[in-house]
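> Next input, structure requested:
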Amino acid sequence: MRLKSATKKHKISTFQIATAAIFAALVAVATIAFAFPITATSGYFNLGETVIYVAALLFGPFIGLIAGAGATIADIVLVPPYAPVTFVVKAVEGCLVGFLVKKLNSRLRNFTLCAVIAILIGGFEMITGYFIYETFVYGYGVALAELPVNIVQMLFGLVIAVPIMQTVLRVFPQLKNYLQEIH
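This is a model prediction of the structure:
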């Protein structure tokens, strides 16, 4: 299977497919297992964000995209009306974080700083996507009330994901070679 880009062809390996599937499942489990309901919108605070960030930071935009889409599984179980928007918002978020950390790392050379910036931008996309959806479905007031919860969820994910990324890279130094290939 090949993905085409404007500059070169990218081959998706069996490793990437398997890793993406594992991370999608981990996102679903982390989201369901650590879901804290928000009654105003029927949404919930969760820890799936952390797993999306770890997947995107360690394995790039493709795996970040699939991991993000894994949050849809949790929404199908917990709050089905959110599933379509979650599919788009979380997949874009995972892809964006993976893409940005790759681009930033080619310029800044401080992977931790690149990770933080990528998560902040990707998290802003998530916050904005849900805000727009909730504004249309529930109204501006309700969407505004959930805004701080989504901000905290993104920050919580950042605070947990970056140290996990650093630890994984320290424990599995062979991943650095893989990251140099994809980043």
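
> Where do the strands of the protein begin and end?
Under the criterion DSSP state E, the chain contains strands at 2-4, 9-11, 36-38, 43-45.

> least reliable of the ones you listed going by mean pLDDT?
Lowest mean pLDDT within the strands of the chain: strand 2-4, at a mean of 41.

> I'd assumed A30 was in contact with V51.
Yes: between V51 and A30 there is a contact under C-beta atoms under 8 Å: 4.8 Å. Backbone N, C-alpha and C define where each C-beta goes, glycine included.

> Mind checking which of those two has more residues around it?
Taking other C-beta atoms under 10 Å, V51 and A30 do not tie; V51 has more neighbours (28 against 21).

> Kindly provide the distance from the more buried one to T72.
Separation of V51 from T72 (C-beta to C-beta, to the nearest Å): 14 Å.

> And for L78?
From L78 to T72 the distance is 11 Å (C-beta to C-beta).

> which of those two has more neighbours?
T72 (23 against 17).

> wouldn't that one be in contact with F87 here?
Yes: between T72 and F87 there is a contact at 4.3 Å, judged by C-beta under 8 Å.

> need the helices for this protein, in chain order.
Counting by DSSP state H, the chain has these helices, from start to end: 14-33, 48-59, 61-69, 71-78, 83-108, 111-138, 140-171, 174-182.

> how many degrees apart are the longest one and helix 111-138 in direction?
Between the direction of helix 140-171 and that of helix 111-138, the angle (axes from the mean of the first three to the mean of the last three C-alpha atoms, to 10 degrees) works out to 150 degrees.

> Lovely, talk soon.
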